[in-house]
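K.L.:
predicted model and sequence below, questions to follow.
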Amino acid sequence: MANIRVAASASSQNPLTIPGTTRKYSCASGGYLDVVDQDAWLLVAAGWTQLTPKGGNVGPTSGRPIAALKGTPYTDTTVGALVISDGAGNWLHHMTGAAS
């Protein structure tokens, strides 16, 4: 199960309780939340914005996918940066290209 980073906008339903559950999400203006993917899809459908690139997820360095395809994005919360897989087991910083 992937984690996805989302943010509420002025026009989104905020706070939002996931239907059929007691999970309630609330986000301050200018903030973000990292939530499990199935909840993220419902939040996005309610007007929230997905901040994680499509096909990517969020988590610590230890949570990076092991056999990621070339171009797979991962928002690494340990390093505090978006890293991109080179498809050969290395992760590159999205701005500098340096191995991370």
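P.N.:
Arrived safely.
K.L.:
surely Ile4 meets Asp37?
P.N.:
Yes. Between Ile4 and Asp37 there is a contact under Cβ atoms under 8 Å: 5.3 Å. C-beta: built from backbone N, CA, C; applies to glycine.
K.L.:
joint contacts of the two?
P.N.:
Both Ile4 and Asp37 are contacted by Asn57, under the criterion Cβ atoms under 8 Å, 6 or more residues apart in numbering.
K.L.:
the two: which has the busier surroundings?
P.N.:
Under the criterion of other Cβ atoms under 10 Å, the comparison of Ile4 against Asp37 puts Ile4 first, with 25 against 13.
K.L.:
which residue ranges form the strands in the chain?
P.N.:
With DSSP state E as the criterion, the chain has strands at 3-7, 16-17, 24-25, 33-36, 49-50, 57-59, 73-76, 81-85, 91-93.
K.L.:
including distance to Ala99 and mean pLDDT, could the ones you listed go into a markdown table?
P.N.:
Below are these laid out as a markdown table (distance: least, Cβ to Cβ, whole Å; pLDDT from 0 to 100):
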| stretch | distance to Ala99 | mean pLDDT |
| --- | --- | --- |
| strand 3-7 | 23 | 95 |
| strand 16-17 | 39 | 96 |
| strand 24-25 | 35 | 97 |
| strand 33-36 | 24 | 95 |
| strand 49-50 | 27 | 94 |
| strand 57-59 | 19 | 94 |
| strand 73-76 | 12 | 95 |
| strand 81-85 | 9 | 95 |
| strand 91-93 | 6 | 96 |
